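K.L.:
Quick one: sequence plus predicted model below, questions after.
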Amino acid sequence: MWPIFGVLLIGVAAGVIAGAVSMGAFVPATFVSILISAATLLGGVALIRRGDTRGMERRSWKKYPNKGMTVTYTFFDDHFEEEDEASGLSKFQYISIRTANEDEGHFFLFATNNAGHMLRKDSFVVGDPETFAAFIQKKSAVRMDPVEA
């Protein structure tokens with residue numbers, strides 16, 4: 001939906017700029033119109049890029065330095081821990097979980113500090129994926145919502 005608005009903004013901005021340039025009347029009001037149109041043009045480009053989630057995913061993955069690294073999660077009564085080779089041990093309070101999602105093979109927990117945790121359902125060593133959503137809801141008061149494909 002965002003790309004449609006982006007294209008509309010670009011079209012309006014381009015039309016205003018083309019009209020101002022073709023008229024040739026360069027008075028202060030024309031320069032203000034061109035500046036506003038340029039800002040509108042940039043806003044349109046931003047909306048188009050916002051709608052490009054696949055591109056964003058590819059760029060993020062390309063920049064991610066820890067591809068293939070094993071991350072271990074351990075869940076306790078009052079907090080959970082994440083441990084990996086690069087960052088070591090990090091502790092998180094359940095209250096920090098703001099949203100939680102799941103798809104066929106993963107759980108996704110998003111915390112207030114912009115930390116995202118992805119847990120594979122087929123990698124549980126203790127406990128089981130069938131009861132994990134209820135466990136997270138009980139500990140964090142956040143419902144596990146399904147990811148829509």
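P.N.:
On my side now, so go ahead.

K.L.:
Relative to E82, how far out is A111?
P.N.:
10 Å (C-beta to C-beta, to the nearest Å). Any C-beta I mention is one placed from the backbone N, CA and C, and that applies to glycine too.

K.L.:
shared neighbours of those two, which are they?
P.N.:
Here A111 and E82 have 92, 117 as joint contacts, going by C-beta atoms under 8 Å, 6 or more residues apart in numbering.

K.L.:
Any idea how far the strand or helix carrying M118 is from the middle of the chain?
P.N.:
M118 belongs to strand 116-120 when assigned by DSSP states H and E. Its chain's average C-alpha position is 14 Å from that of strand 116-120, according to C-alpha atoms, centre = their mean, to the nearest Å.

K.L.:
got the CA coordinates for it in PDB?
P.N.:
Listed next in PDB are the C-alpha coordinates belonging to strand 116-120 (Å, rounded to 0.1, in the frame of the first residue of the first chain):
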ATOM      1  CA  GLY A 116      14.900  -9.500  18.400                       C
ATOM      2  CA  HIS A 117      15.000 -13.200  19.400                       C
ATOM      3  CA  MET A 118      14.300 -16.000  16.900                       C
ATOM      4  CA  LEU A 119      13.900 -19.500  18.300                       C
ATOM      5  CA  ARG A 120      13.600 -22.500  16.000                       C
END
